[in-house]
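>>> model this:
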Amino acid sequence: MTIREGTIEEVVAASQHVPELVNPYEELVYHERFQDRPHLILVAEADGKIIGFKVGYDRYKDGSFYSWMGGLLQAYRGQGIYQQLTAAMEQWAAEKGYTHMLLKTRNKLKPMIRFCLSQGYYVSGFSEHPDPMESRIYFRKELGL
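Alright, predicted model coming up:
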């Protein structure tokens with residue numbers, strides 16, 4: 001398994017196979033979000049195919065790097081691959097001078113909530129939704145500590 005910088009096309013194709021990503025974004029949305037903003041696309045590749053990805057960009061222009069989108073194919077979970085993608089993004093962001101990482105997830109995605117907490121992220125906010133399972137939980141992690 002290798003981690004490398006990837007393309008929007010690779011991420012869009014891989015996102016079709018991540019069950020948590022209902023109605024995954026198309027290429028145009030990625031291009032719109034990245035317009036004139038530093039960004040990073042990381043992919044995990046094994047046996048010639050993309051098995052996971054993590055995508056982030058400078059969303060707020062406040063010293064934070066926003067980890068926007070990520071996923072890992074079911075067959076490759078529990079092997080530390082997503083943790084490696086996350087660590088690689090954090091290292092890249094720190095090297096670029098970002099002071100902290102931000103991300104958000106939905107209340108229904110319990111494995112992601114546990115993952116964030118296990119990686120040193122802390123809850124920094126909450127956005128209520130009429131369906132409690134769709135409520136957003138915001139996480140933050142200081143870089144370079």
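
>>> what ranges does this structure have for its helices?
For the chain, the helices defined by DSSP state H cover 8-15, 27-34, 81-95, 110-118.

>>> need those helices in JSON lines (columns: mean pLDDT, mean neighbour count and distance to residue 70).
To be clear about C-beta, it is placed using only N, CA and C from the backbone, and glycine gets the same treatment. Listed next are the helices of the chain as JSON lines, based on pLDDT from 0 to 100; neighbours: other C-beta atoms under 10 Å; distance: least, C-beta to C-beta, whole Å:
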{"stretch": "helix 8-15", "mean pLDDT": "97", "mean neighbour count": "18", "distance to residue 70": "9"}
{"stretch": "helix 27-34", "mean pLDDT": "97", "mean neighbour count": "14", "distance to residue 70": "13"}
{"stretch": "helix 81-95", "mean pLDDT": "98", "mean neighbour count": "18", "distance to residue 70": "7"}
{"stretch": "helix 110-118", "mean pLDDT": "97", "mean neighbour count": "14", "distance to residue 70": "9"}
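
>>> nearest to residue 124, of the ones you listed?
Distance to residue 124, taken as C-beta to C-beta, is lowest for helix 110-118 among the helices of the chain, at 10.5 Å.

>>> tell me how far residue 105 lies from residue 89.
Going from residue 105 to residue 89 by C-beta to C-beta, to the nearest Å gives 15 Å.
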